[in-house]
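J.: one predicted model, sequence on top.
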Amino acid sequence: MKKLLFLLLTGVSTHVAAQQLSEEEMQKANNPLANAKALNFQNYYVPNIYENADLKANTFLVRFAVPLANGKILTRFTMPVNTVPTGTDASGVKYASGLGDLNFFATYTFSKPTSKLLIGAGPQVSIPTANNYYTGTGKWQLGGALIIFSTASPVLQLGSLITYQASIAGQEDRSNVSSLQMQPFVMLQLGKGTYLRSTALWNFNLETDAYNIPLGVGVGQVVKAGKTVFNLFLEPQFTVAHYGTGQSAIQLFSGINLQF
């Protein structure tokens, strides 16, 4: 997955870097409530975990967002492909790979399309689609999503995605789920489609009190080919606070987002 993503990033940036971008297209490229269809290929690579530096993990995400009702409703589907450590033996670390749980949310944008502060909220559901015991929760989950995004400045865009979900049904022998996630967005435009970014995802397990709070510092490039806008980025993220087992010390977040 990592090699595929790298090839996509390299090939797209080489092929489409010549077209001119408007200021509106630049702002929409990183706007989570933008009135545009989007297909995202993103990857989180964890080179080591706190308890054992030899343990690694990877999550490849395929995301598809579709606006409805002239952009007032945003629907987003996320399918993860996970690789996680399952233990060790004499031969070394054992891993499991497979589909994760399908996540879906639909938010209604309360602010006007011309507003510089966009606010959207709505329900979220997680469906236990994992084809491996270790790559999913085995639980149906229900919750909500809140998105806030400011485009008041053409140079600096700020916002956040906050989601909560808890298990409501599923396999009885699996642990209950109650999780809160917060993802701050900070985008600093440098000009000509290049920008700095910080979008690390903060995870809070409300069942076990475990948490992981990383901070990211990365760079992105927005380019255009025909009517499609490509947003390519690479963002190292470093954990600054954590509690509980299985927490990543550092992770590399990369991706290519297509907006139509």
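T.: Ah, there it is.

J.: now this structure, which segments are flagged as low pLDDT?
T.: 1-19 (pLDDT under 70).

J.: at 50 what do you get?
T.: Residue ranges of the chain with pLDDT under 50: 2, 4-9, 12-18.

J.: which residues of it fall in helices?
T.: Ranges of helices within the chain are 2-16, 23-29, based on DSSP state H.

J.: am I right that residue 54 is in contact with residue 48?
T.: Yes - with contact defined as C-beta atoms under 8 Å, residue 54 reaches residue 48; the gap is 7.4 Å. Where you see a C-beta, it was placed from the backbone N, CA and C, and this is true even at glycine.

J.: which one of the two is surrounded by more residues?
T.: More crowded of residue 54 and residue 48, by other C-beta atoms under 10 Å: residue 48, with 15 against 11.

J.: my read is that that one contacts residue 85, right?
T.: No - Residue 48 lies out of contact with residue 85 (C-beta under 8 Å); the separation is 10.7 Å.

J.: between those two, which contacts overlap?
T.: 55-56 (C-beta atoms under 8 Å, 6 or more residues apart in numbering).

J.: can you show me the strands along the stretch 151-260 of the chain?
T.: Along the stretch 151-260 of the chain, the segments classed as strands by DSSP state E, counting those that start in this stretch run 156-170, 178-191, 194-198, 202-205, 211-216, 218-225, 228-243, 248-259.

J.: closest to residue 34 out of the ones you listed?
T.: In terms of C-beta to C-beta, the element of these nearest to residue 34 is strand 248-259, at 7.0 Å.

J.: what's the closest one packed up against?
T.: helix 2-16, helix 23-29, strand 38-49, strand 211-216, strand 228-243 (3 or more C-beta pairs under 8 Å, 6 or more residues apart in numbering; DSSP states H and E).

J.: tabulate those (JSON lines), appending distance to residue 177.
T.: Below are those laid out as JSON lines (distance: least, C-beta to C-beta, whole Å):
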{"stretch": "helix 2-16", "distance to residue 177": "28"}
{"stretch": "helix 23-29", "distance to residue 177": "32"}
{"stretch": "strand 38-49", "distance to residue 177": "19"}
{"stretch": "strand 211-216", "distance to residue 177": "15"}
{"stretch": "strand 228-243", "distance to residue 177": "18"}
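
J.: residue 229 contacts residue 256, doesn't it?
T.: No - between residue 229 and residue 256 there is no contact, the gap being 11.1 Å when judged by C-beta under 8 Å.

J.: quick one, which of these two is more surrounded?
T.: When residue 229 is set against residue 256 and neighbours are counted by other C-beta under 10 Å, the residue ahead is residue 229, at 25 against 19.

J.: not counting sequence-adjacent ones, nearest residue to the more buried one?
T.: In space, and not counting its chain neighbours, residue 229 is closest to residue 259: 4.4 Å by C-beta to C-beta, 6 or more residues apart in numbering.
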